[in-house]
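Asker: I need the structure of the sequence given here:
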Amino acid sequence: MFSGKPTRYAFLALEIFLLAATIALSVLFTSAREWSPAELVALLLALALVGQWLSVEIRGGELGASMVAIVLAMGLLGPVPAAACGAAAMVLTSATRRVDRSAWLANLSSLVAAPFAGGVAMRAMIEWFNGGDTRGFTTSVTFGLCLFSAFVLSLAPTFVLFALEVSTARRRSFWPELRALTPLLPGELAAGALAIILAVAYRGTGMTTLLAAIIVVIIFQRLTMALVRSEDRAEQLLARSRQLVGLQLGVLRTLVRALAMRDERTAHHAAAVAFHARALARALDCSAEEQDMVHTAGLLHDIGKFTWPDRILKADMIDEEDMATVRTHPQEGSILVGALDGYGEIAEAILYHHERIDGRGYPAGLIGAEIPLGSRIVAICSSYDTLVSGSSYRETMSPDEAQAELRNGARNGQLDPELVEAFIDLLQREGPTFGQNTDFDTELDFESRVHRAVDPGRQPSSAGRNQRGVRRWPGARPLNVRP
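Answerer: Numbering: from 1, shown residues only. Alright, predicted model coming up:
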């Protein structure tokens, strides 16, 4: 229990110290470099203001979608712009809602000091991994992981300071006040994951991606408002879960759609791969959960190409100098998908879908059954659709020619021979047009997917072990990339 004026005064002194120290460090160590490009700074400040203007009032303060702008500033600009975004958001809400002076101080100290600390941590990690180059990483995987770490570092003290403010002002116990904030944690984590996705995309595509974030912020804020208001009722809690799952799926659908606008074949290819992958998993007697998992991996297996520049994405032939970028798309797709709750195994299937049975694939050089079943299925279905649909650098084949090519791939160590034969058997049973008229939105089946994610008890129970002896979904395997 926090009680008495001395405790309250001590906490106010702590808030003043945090705010003053952050301002002093910002003045001493800011540089012109972290305030450029100017249009990015202006956009993130605008996002912070709009997000906080639509913020949700809770016990102890305000929480809003300005977190998206703050995390983007941490990753793309630096600690001082991140603190500036937090300050702008808190000044707006404190002024427009006429809060008292102690709440002004609590708002500013928490949403200035915490983002500044996260930005400093991000800069330190950049310098550690890049040998002093503070303008980026060679791979988006490292960048995304570091930004996630910096985000968590800034989120934790924000929640603690809000809880301390309420407990000292109202003379209540600290832990119940902290627990009262936990319903907001999924929303804040979703905001951080979204910010990381946008930051990774910005490094590959520029300002266009971030301009779309304004609409995403508004959608996200409405979901958060519904989340907070429904915390005490079971039916409303279920609605909140549906909304959060819908946000996750909506972000992924938007990214795939944006990629399809740049490369018109992408959405059809994703739908065809997902359709064939589910059908093959069903033929292998996989459980309903495994079928859905491999189907989703098929839908999203090429999402890592979102960060490619157009000169690679639309190239007739890939130059040797661009192959290093091309080979990063499984990792980048994996980190984009893996940032969302419950998508870990799907992210793993995406990560390894360019491995080869003979160990000469990438990114980890896995051999045979070391490759997850989902990755082996997606590899076969992706290869088949590319062969029958054609591409900018490959002529279209007939289904029979494509099946012969799959067998060649199995013989030369690229594809799993047993799965190739199972897939060819499936195609011959279903006919030559099987899966050729697929549609992305139909395969996504948005509403049903949201309901299944929220209420998995409706799904059929797991089927028995695959009688063909193909290994089921393995546990997570550490990435061990060979030089």
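Asker: for the rest of this, base every contact and every neighbour count on C-alpha atoms.
Answerer: Fine.
Asker: could you report the distance from Leu145 to Arg98?
Answerer: Distance, Leu145 to Arg98, by C-alpha to C-alpha, to the nearest Å: 38 Å.
Asker: kindly report the same for Ala69.
Answerer: Separation of Ala69 from Arg98 (C-alpha to C-alpha): 24 Å.
Asker: out of the two, which sits in the busier spot?
Answerer: For Ala69 and Arg98, the more surrounded residue by other C-alpha atoms under 10 Å is Ala69, and the numbers stand at 30 against 11.
Asker: packing partners of the helix or strand encompassing that one?
Answerer: Assigned by DSSP states H and E, Ala69 belongs to helix 66-76. In terms of contacts (3 or more C-alpha pairs under 8 Å, 6 or more residues apart in numbering; DSSP states H and E), helix 66-76 is packed against helix 38-53, helix 79-96, helix 101-130, helix 140-170, helix 185-205.
Asker: CA atoms of it as PDB?
Answerer: C-alpha atoms of helix 66-76 as PDB (Å, rounded to 0.1, in the frame of the first residue of the first chain):
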ATOM      1  CA  SER A  66       0.400   7.100 -30.800                       C
ATOM      2  CA  MET A  67       2.600   4.100 -29.700                       C
ATOM      3  CA  VAL A  68       2.800   3.200 -33.400                       C
ATOM      4  CA  ALA A  69       4.400   6.600 -34.200                       C
ATOM      5  CA  ILE A  70       6.700   6.400 -31.200                       C
ATOM      6  CA  VAL A  71       8.100   3.000 -32.100                       C
ATOM      7  CA  LEU A  72       8.500   4.000 -35.800                       C
ATOM      8  CA  ALA A  73      10.500   7.100 -34.500                       C
ATOM      9  CA  MET A  74      12.700   4.800 -32.400                       C
ATOM     10  CA  GLY A  75      13.600   2.600 -35.300                       C
ATOM     11  CA  LEU A  76      13.700   5.100 -38.200                       C
END
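Asker: number the chain from 16, please
Answerer: With the count now opening at 16, the last piece we talked about shows up as helix 81-91.
Asker: what angle separates it from helix 94-111?
Answerer: 160 degrees (axes from the mean of the first three to the mean of the last three C-alpha atoms, to 10 degrees).
Asker: just checking, Leu179 touches Pro191?
Answerer: No. With contacts counted by C-alpha atoms under 8 Å, Leu179 stays clear of Pro191, the gap being 10.6 Å.
Asker: higher neighbour count, those two?
Answerer: For the pair Leu179 and Pro191, the greater number of neighbours falls to Leu179 (24 against 11), based on other C-alpha under 10 Å.
Asker: what sits against the more buried one?
Answerer: 26, 189, 192 (C-alpha atoms under 8 Å, 6 or more residues apart in numbering).
Asker: just these: which are in helices?
Answerer: Judged by DSSP state H, helices contain the following of the contacts of Leu179: 26, 189, 192.
Asker: ok so, going back, among the contacts of Leu179, the buried ones, what's the ChimeraX command?
Answerer: This is how ChimeraX selects the buried members of the contacts of Leu179, with burial counted by 16 or more other C-alpha atoms under 10 Å:
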select :26,189,192
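Asker: closest one of the contacts of Leu179 to Asp307?
Answerer: Glu192 (39.5 Å; C-alpha to C-alpha).
Asker: how's this protein carved up into domains?
Answerer: With domains defined by automatic domain parsing, the chain comprises 20-241, 267-473.
Asker: rebuild the ones you listed as CSV, extending it with mean pLDDT.
Answerer: Formatted as CSV, the domains of the chain follow (pLDDT from 0 to 100):
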stretch, mean pLDDT
domain 20-241, 79
domain 267-473, 84
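Asker: which residues touch the host helix or strand of Ile361?
Answerer: Taking DSSP H and E as the criterion, Ile361 maps to helix 359-366. Here helix 359-366 makes contact (C-alpha under 8 Å, 6+ apart) with 308-309, 311-312, 315-317, 345-346, 348-350, 352-353, 378, 387-390, 393, 491.
Asker: try it again with 6 Å
Answerer: Applying C-alpha atoms under 6 Å, 6 or more residues apart in numbering, the contact partners of helix 359-366 are 312, 316, 345-346, 349, 352-353, 389-390.
Asker: next: stretch 334-348.
Answerer: 318-320, 365-366.
Asker: would JSON lines of those with distance to Ala136 be doable?
Answerer: Below are the contacts of stretch 334-348 laid out as JSON lines (distance: C-alpha to C-alpha, whole Å):
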{"residue": "Ile318", "distance to Ala136": "29"}
{"residue": "Gly319", "distance to Ala136": "26"}
{"residue": "Lys320", "distance to Ala136": "29"}
{"residue": "Ile365", "distance to Ala136": "30"}
{"residue": "Leu366", "distance to Ala136": "27"}
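Asker: find me the pLDDT at Pro489, would you?
Answerer: pLDDT, Pro489: 34.
Asker: cool, and Ser476?
Answerer: Confidence score, pLDDT, at Ser476: 37.
Asker: what about Val95, distance to Val106?
Answerer: Separation of Val95 from Val106 (C-alpha to C-alpha): 16 Å.
Asker: of the two, which one has the most company?
Answerer: Neighbours were counted for Val95 and for Val106 using other C-alpha under 10 Å; Val95 has more, 28 against 16.
Asker: ok, now how distant is that one from Glu363?
Answerer: Using C-alpha to C-alpha, one gets 36 Å for the distance from Val95 to Glu363.
Asker: tell me which of the contacts of helix 359-366 fall in helices.
Answerer: 312, 345-346, 349, 352-353, 389-390.
Asker: which of these ranks first by neighbour count?
Answerer: Neighbour-wise, the ones in helices among the contacts of helix 359-366 (other C-alpha under 10 Å) top out at Ala312, 32 neighbours.
Asker: residue contacts, it?
Answerer: By C-alpha under 6 Å, 6+ apart, the contact list for Ala312 reads Ile361.
Asker: kindly recompute the last result at 8 Å.
Answerer: 289, 361-362, 364-365, 389, 393.
Asker: those residues: which two are farthest apart?
Answerer: Ala289 and Ala362 (14.5 Å).
Asker: name the residue in those two with the higher neighbour count.
Answerer: Ala289 (32 against 27).
Asker: number of residues surrounding the closest residue to the more buried one other than its chain neighbours?
Answerer: Spatial nearest neighbour of Ala289, chain neighbours left out: Gly313 (4.1 Å); criterion: C-alpha to C-alpha, 6 or more residues apart in numbering. Gly313 sits with 31 neighbouring residues when counted by other C-alpha under 10 Å.
Asker: contacts only, for Gly313.
Answerer: So Gly313 contacts 285-286, 288-290, 292, 393, 397 (C-alpha under 8 Å, 6+ apart).
Asker: tell me which of the residues you listed is nearest to Asp300?
Answerer: Minimum distance to Asp300 across the contacts of Gly313 is 12.6 Å, recorded for Ala292 (C-alpha to C-alpha).
Asker: and the stretch of helix or strand the closest one belongs to, how far out from the chain's middle?
Answerer: Using DSSP H and E, Ala292 sits in helix 281-298. Relative to its parent chain, helix 281-298 has a centroid offset of 22 Å by C-alpha atoms, centre = their mean, to the nearest Å.
Asker: which residues sit against it?
Answerer: 271-272, 274-275, 305-307, 309-317, 392-393, 396-397, 400-401, 437-438, 441, 450-455, 458.
Asker: repeat that for 7 Å
Answerer: 271-272, 274-275, 306-307, 309-311, 313-315, 392-393, 396-397, 400, 438, 450-451, 453-455, 458 (C-alpha atoms under 7 Å, 6 or more residues apart in numbering).
Asker: try stretch 437-455
Answerer: In contact with stretch 437-455 (C-alpha under 7 Å, 6+ apart) are residues 282-283, 285-287, 290-291, 295, 414, 418.
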